[in-house]
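# sequence and predicted structure, then a few things I'm wondering about:
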Amino acid sequence: MQNKNCNVLIVGFGPTGAVLANLLSKYDLSIQILEKESQIYNLPRAVHFDDEIMRIFKSIGIFDQLVKKTIINKGTKFVDEDDNLILDWPRPRQITNNGFYPSYRFHQPDLEKILRKNLASNDNVKIYYNAELTELKNKGKFVNAKYINKVTNTSHIIDADYVVGCDGANSFVKKFIGPETIDYGFEERWAVLDLILKKHNKNLPDRTIQYCSQNTPATYCRNVGRRRRWEISLNKNFTEKDIFDENKIWKFLSKWITQDAAVIERKTIYTFKSLIAKKWQEGRVFIAGDAAHLSPPFMGQGMCSGLRDVSNLFWKLAYCCHFGHKEKLLASYESERLNNVKEYIITTINMGKLLNSIGDTNVSKSVKEAQDGSKVMTSIKPPLGPGLGSKSDKLRGHIFPFVKLNKSNIKYFDEHFDKELVLLSTQDFNHPNIKHININKYKEIIKIFNNLNIKALILRPDRFILSSLQKNSDINKFVNKSMLQFS
Ligand SMILES: Cc1cc2nc3c(=O)[nH]c(=O)nc-3n(C[C@H](O)[C@H](O)[C@H](O)COP(=O)(O)OP(=O)(O)OC[C@H]3O[C@@H](n4cnc5c(N)ncnc54)[C@H](O)[C@@H]3O)c2cc1C
């Protein structure tokens, strides 16, 4: 870093920016964060995340604190106007391939506090509050960013190797990169009611229920502790005005709860949209999270998708900061993430259509008919879009399992590759640019190799498989070809 203030400047300290900062803080890099507000947005938006996201939280060292603030989510049921089950999406209480339960409920401000606390002792991370980004200039080998301190009304300049806009739905950074979006066509106004029960109420469902109706589509969420949420589609049956009329709210809620049993923590209106930015990168400037895509909340995947973005990007940025700018490596971020987030958004839209009773129960390819004729969905896990690695490699772009090690000085195999690429093989191998692990001492990994019928694998720090080598193929050629993309 020459005459620059930092390696990576993160704009926005919501969940996306805070997770990116935590991921980058694993390296010896200087990180700066601009946040225009003075403190955390203290009201919940996201209430759910999945196993893949818990694996990211584990990798940044917040699992133990966070898990105490979560409950395991049992799943979602879609019912018709007579409360008949039309689609079941159970989340069995079983550990998944990612090493955690399939789905968790949480309170977003709890997560954001933990993420910030985890950075507090890291001298490489500088956070500026009340600091609003107002100007960006791509200067070729670095980016020049101007921000205003909203308290002192003074402007300041930061020069950074890279800038990542995690600045939410009205992103300044997105406008700089190119404001055009792909619109997937779902746009609806919904009221969100967050309630806190005065005491536990066993009569309320302990799953999420999606009430599919042409009259009043609605969602009920069983959140952590005594928190419960109702989301209601605004139309002639429940109007924008009704949200300001407590009598109308309690009348609507009377199917589940009476006024003496809970307090309304907040009531608000959101416009749910389904958009993906056409461009996620311009030179050394990137966008991630809500800045890059917006999804209705029916799957609980908006924030999760943003965290997948930064999990894809952090190690690529770190690689470039350490070994020099690599165009192809960085360009793979947008192409790998786009298909993945698109599949979540399309599935969510299909759920939205079902909620409005204008779509069918086949919301994704993972919906199957059970023996009794009912429809059951399993969670989707879309692979990465094209990018690093070869299209003909069937394992490339899929996630590598989380492996607990029994007789080893490290507890989880993930720790071997949470910062850098790693080559796993059954024979010794030396390459100047990649860490190598001979897997013979890990019987758990040998078993995976045997099941997949492979001789070597290259794993990425975001847990995805970069490339795999079939038995009887040449390992030298394999490694040299895989590493070409990093030169
Ligand atoms: C009702 C509802 C329910 C939801 N439920 C779920 C769920 O269950 N699961 C899930 O995964 N997702 C859910 N989501 C989506 C989720 O809340 C968002 O995707 C997530 O909060 C986005 O995080 P972010 O960090 O990208 O953006 P934000 O949280 O919007 O953070 C952006 C930050 O950037 C700052 N900023 C903006 N402009 C500037 C600037 N110029 N300079 C400096 N700072 C700036 C802002 O102050 C803010 O702190 C839900 C959303 C809604 C509305």
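Here it is on my side, so go on.

# which bits of this protein sit near the ligand?
11-17, 34-37, 45-49, 132-133, 166-168, 172, 192, 270, 289-290, 297, 300-304, 306 (C-beta under 6 Å from any ligand atom). For every residue, glycine as well, the C-beta is placed using N, CA and C.

# in strands, which of these appear?
Among these, DSSP state E puts 11, 34, 48, 49, 132, 133, 192, 270 in strands.

# mind listing what the second one touches?
Read that as residue 34. Residue 34 makes contacts with 9, 10, 11, 12, 13, 128, 131, 132, 133, 145, 147, 158, as judged by C-beta atoms under 8 Å, 6 or more residues apart in numbering.

# these two touch, right, residue 53 and residue 304?
Yes. Contact criterion C-beta atoms under 8 Å: residue 53 and residue 304 qualify, at 5.0 Å.

# which residues in this protein form helices?
Assigned by DSSP state H, the chain shows helices spanning 15-24, 51-59, 63-67, 108-119, 172-177, 246-253, 302-323, 327-355, 443-452, 475-484.

# deepest in the core, which of the ones you listed is it.
Mean neighbour count (mean count of other C-beta atoms under 10 Å) peaks for helix 15-24 among the helices of the chain, with a mean of 27.

# what does that one rub up against?
8, 10-11, 13, 31, 33, 35, 46, 56, 59-62, 108, 111-112, 115-116, 118-119, 125, 164, 166-167, 288-291, 303, 306-307, 309-311, 313-315, 317-318.

# before we move on, what about stretch 266-278?
With C-beta under 8 Å, 6+ apart, stretch 266-278 has contacts from 43, 174, 177-178, 180-194, 234, 240, 243-244, 249, 287, 291-297, 338, 341-342, 345, 348-349, 352.

# what subset of those is buried?
Among the contacts of stretch 266-278, those scoring as buried are 174, 177, 181, 184, 186, 188, 190-194, 234, 243, 249, 287, 291-297, 338, 341-342, 345, 348-349, 352 (criterion: 16 or more other C-beta atoms under 10 Å).

# residue 12 - nearest residue in space that isn't next to it in sequence?
Ranked by C-beta to C-beta, 6 or more residues apart in numbering and with sequence neighbours excluded, the top spatial neighbour of residue 12 is residue 167, at 3.7 Å.

# next, count neighbours for that neighbour.
Using other C-beta atoms under 10 Å, residue 167 is surrounded by 28 other residues.

# and it, what does it touch?
Per C-beta under 8 Å, 6+ apart, neighbours of residue 167: 11, 12, 17, 133, 173, 174, 291.

# between those, which is closest to the ligand?
Using C-beta to the nearest ligand atom, residue 12 comes nearest to the ligand of the contacts of residue 167, at 2.6 Å.

# contacting residues for the nearest residue to residue 309 once chain neighbours are set aside?
Distances taken as C-beta to C-beta, 6+ apart place residue 288 nearest to residue 309, at 3.9 Å, with adjacent residues excluded. Residues near residue 288 by C-beta under 8 Å, 6+ apart: 16, 20, 164, 165, 166, 280, 306, 309, 310, 313.

# excluding chain neighbours, what is closest to the fifth one?
Nearest residue to residue 166, sequence neighbours excluded (C-beta to C-beta, 6+ apart): residue 17, at 3.5 Å.

# surely residue 69 is in contact with residue 107?
Yes. Using C-beta under 8 Å, residue 69 is in contact with residue 107, at 6.7 Å.

# hang on, the earlier thing: could I get the helices of the chain as a markdown table with mean pLDDT and distance to residue 394?
Formatted as a markdown table, the helices of the chain follow (pLDDT from 0 to 100; distance: least, C-beta to C-beta, whole Å):
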| stretch | mean pLDDT | distance to residue 394 |
| --- | --- | --- |
| helix 15-24 | 98 | 28 |
| helix 51-59 | 98 | 20 |
| helix 63-67 | 98 | 31 |
| helix 108-119 | 96 | 35 |
| helix 172-177 | 98 | 33 |
| helix 246-253 | 95 | 50 |
| helix 302-323 | 98 | 20 |
| helix 327-355 | 97 | 16 |
| helix 443-452 | 95 | 9 |
| helix 475-484 | 92 | 15 |
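
# identify whichever of those helices lies nearest to residue 86.
Comparison of those against residue 86 by C-beta to C-beta identifies helix 327-355 as nearest, at 7.7 Å.

# so which elements touch that closest one?
Contacts defined by 3 or more C-beta pairs under 8 Å, 6 or more residues apart in numbering; DSSP states H and E place helix 327-355 against strand 75-79, strand 181-197, strand 208-211, strand 262-277, strand 281-282, helix 302-323.

# distance to residue 385 for the ones you listed - can I get that in JSON lines?
Below are these laid out as JSON lines (distance: least, C-beta to C-beta, whole Å):
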{"stretch": "strand 75-79", "distance to residue 385": "26"}
{"stretch": "strand 181-197", "distance to residue 385": "14"}
{"stretch": "strand 208-211", "distance to residue 385": "28"}
{"stretch": "strand 262-277", "distance to residue 385": "12"}
{"stretch": "strand 281-282", "distance to residue 385": "14"}
{"stretch": "helix 302-323", "distance to residue 385": "10"}
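
# tell me the pLDDT of residue 431.
Looking at residue 431, its pLDDT reads 85.

# skipping adjacent residues, who's closest to residue 347 in space?
Nearest residue to residue 347 in three dimensions, chain neighbours excluded: residue 364, at 4.5 Å (C-beta to C-beta, 6+ apart).

# what is the neighbour count of the one you found?
Counted with other C-beta under 10 Å, residues neighbouring residue 364 total 19.

# again, but for residue 239
14.

# next one: residue 261
So residue 261, with other C-beta under 10 Å, has 15 neighbours.

# that one and the ligand, how far apart?
Noted for residue 261: a distance of 23 Å to the ligand, by C-beta to the nearest ligand atom, to the nearest Å.

# next one: residue 247
Distance of residue 247 to the ligand, computed by C-beta to the nearest ligand atom: 23 Å.

# what's the spacing between that residue and residue 354?
Distance, residue 247 to residue 354, using C-beta to C-beta, to the nearest Å: 30 Å.

# and this protein, what are its domains?
Structural domains annotated on the chain: 6-181+275-377, 413-484, as defined by automatic domain parsing.

# which one, of those, ends up nearest to residue 201?
Among the domains of the chain, domain 6-181+275-377 comes nearest to residue 201, with 15.2 Å by C-beta to C-beta.

# quote the end-to-end distance of the closest one.
46 Å (C-alpha to C-alpha, to the nearest Å).

# what about residue 423, how many neighbours?
For residue 423, using other C-beta under 10 Å, the count is 25.

# what's across from it in the sheet?
residue 436, residue 458 (DSSP bridges).

# next up, the contacts around residue 348.
Here residue 348 is in contact with 186, 274, 295, 296, 297, 298, 299, 301 (C-beta under 8 Å, 6+ apart).

# what ranges in this structure fall below the confidence cut-off?
1-3 (pLDDT under 70).

# for the spatially most central residue of it, give its distance to residue 459.
Central residue of the chain (C-alpha atoms, centre = their mean): residue 304, 2.3 Å from the mean position. Here residue 304 is placed at a distance of 21 Å from residue 459 (C-beta to C-beta).

# what of residue 268?
42 Å.

# repeat for residue 487
Computed with C-beta to C-beta, the distance linking residue 487 and residue 459 is 19 Å.

# more neighbours: which of those two?
Neighbour tally, residue 487 and residue 459, criterion other C-beta under 10 Å: the higher count belongs to residue 459, 24 against 11.

# lovely, talk soon.
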